[in-house]
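**Q** got a sequence here, can you build the structure:
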Amino acid sequence: MSKTNTILALDAAGASCSVAVWKEGAIRAQGGEAMARGQSERLVPMMEEVMAEAGLDYAQVDVIAVTCGPGGFTGVRIGLAAAQGLSIALARPLVGVSNFEALAASVPEAPPGCRLVAAIESKREEVYIQVFDAPEPGEVANATGPGAAVPEDDLAEILPAGSLLLVGDGAVRAAAALRAAGREVALAPDPGPCIAAFAAGLAAARPLPGAGSRLPRPIYLRGADVTLPDGRKIQAPGYASGRI
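**A** Okay, here's the model as predicted:
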């Protein structure tokens, strides 16, 4: 993607709502608020505020970027729907970024020899996690495997051996479970609520999707809770056994 592209990035997937504008190689304006719910009411007004701060109108945007999850089912859909609507209305390309990737991008560097773990709160017994190689200064962290929804009691067995650096709103809970199992872990600085800013930076480094490319799809990692006619509740498995 050209460094001159102006990117409007949106995030409503997790426990916050945020918008950022990337222009000429840097974030020009951003806004973010922590919120458990209410992203549908806040996202569009926040877009207006951030665009005004950047001194831009929507016709000057070259690319739309959006986080795809994992996170709350409703929030993921809100962000994707808003981004797809903008992409269609403006006839601009749409780039998807996972929330794992955005969290990993918020960590500028990690101690040598450790692995970076992006941990997202599921508000259930599982934690959403993905493992990345520790980034070198100025480099983007690379995922070593897929994301997964892992019960906190299984984290010590599932995560790779060695020291771990955790980031994300699920990091504190995951760290407590790992320490109880004797694992060496540390917490990265809180990236704050403006996850869209990190998504924008990642989108800027990616090639533009070509004509006919598939639209970004939501990342869910766990099945929706379903109540059967007899009252039983079922849920699709969230992860496969083995290290990730």
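**Q** for the helix or strand where L43 lies, name the packing helices and strands.
**A** Using DSSP states H and E, L43 maps to helix 39-54. Under the contact criterion of 3 or more Cβ pairs under 8 Å, 6 or more residues apart in numbering; DSSP states H and E, helix 39-54 touches strand 6-11, strand 16-23, strand 26-34, helix 73-90. Just so you know, the C-beta spots here come from the backbone N, C-alpha and C atoms, and that holds for glycine as well.
**Q** mind listing the strands the next helix-or-strand element following that helix pairs with, and their directions?
**A** Going down the chain from helix 39-54, the next helix or strand is strand 63-67, by DSSP H and E. Strand pairing for strand 63-67, determined by DSSP bridges: strand 6-11 (parallel), strand 94-97 (parallel).
**Q** and the ones you listed, which is most packed in?
**A** Among those, the stretch with the highest mean neighbour count (mean count of other Cβ atoms under 10 Å) is strand 6-11, at a mean of 28.
**Q** same question for it, mean pLDDT?
**A** For strand 6-11, the mean per-residue pLDDT is 98.
**Q** now do it: everything it contacts.
**A** For strand 6-11, the external contacting residues (Cβ atoms under 8 Å, 6 or more residues apart in numbering) are 17-24, 32, 43, 47, 51, 56, 58, 60-67, 79, 82-83, 86, 95, 97, 99, 102, 195-197, 199-200, 203-204.
**Q** how much space separates the residue nearest the centre of the chain from F198?
**A** Compute the mean C-alpha point of the chain, and by Cα atoms, centre = their mean the closest residue is N99, 0.9 Å away. N99 is 9 Å from F198, where distance means Cβ to Cβ, to the nearest Å.
**Q** which of the contacts of strand 6-11 are buried, as a ChimeraX select command?
**A** This is how ChimeraX selects the buried members of the contacts of strand 6-11, with burial counted by 16 or more other Cβ atoms under 10 Å:
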select :17,18,19,20,21,22,23,32,43,47,51,56,61,62,63,64,65,66,67,79,82,83,86,95,97,99,102,195,196,197,199,200,203,204
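**Q** got any ranges where the chain has weak pLDDT?
**A** 3, 223-244 (pLDDT under 70).
**Q** try 90 this time
**A** Applying pLDDT under 90 to the chain flags residues 1-4, 36, 108-113, 134-140, 208-214, 222-244.
**Q** quick one, domains of it?
**A** As given by automatic domain parsing, the domain ranges for the chain are 6-100+192-222, 108-187.
**Q** highest mean neighbour count out of the ones you listed?
**A** A comparison of those by mean neighbour count, using mean count of other Cβ under 10 Å, puts domain 6-100+192-222 on top with a mean of 20.
**Q** start to end distance for that domain?
**A** Its first and final residues considered, domain 6-100+192-222 spans 34 Å by Cα to Cα, to the nearest Å.
**Q** what's the answer for stretch 65-72, then?
**A** 18 Å.
**Q** with stretch 181-193 instead?
**A** Start-to-end, stretch 181-193 (Cα to Cα) is 30 Å.
**Q** sorry, back to before: can you pull the contacts of the residue nearest to the centre of the chain?
**A** By Cβ under 8 Å, 6+ apart, N99 lies in contact with D11, A13, G14, T67, C68, G69, P70, G71, A118, I120, I195, I219.
**Q** wait, S87 sits on V95?
**A** No: in this structure, S87 is not within contact of V95 by Cβ atoms under 8 Å, at 9.5 Å.
**Q** the closest residue to C114 other than its chain neighbours and A205, how far apart?
**A** Excluding its sequence neighbours, the residue lying closest to C114 (Cβ to Cβ, 6 or more residues apart in numbering) is S163, at 4.1 Å. Distance, S163 to A205, using Cβ to Cβ: 27 Å.
**Q** who touches both of S87 and V95?
**A** I64.
**Q** contacts for stretch 42-62, please.
**A** 5-8, 10, 12, 17-21, 23, 28-31, 33, 35, 78-79, 82, 86, 90, 92.
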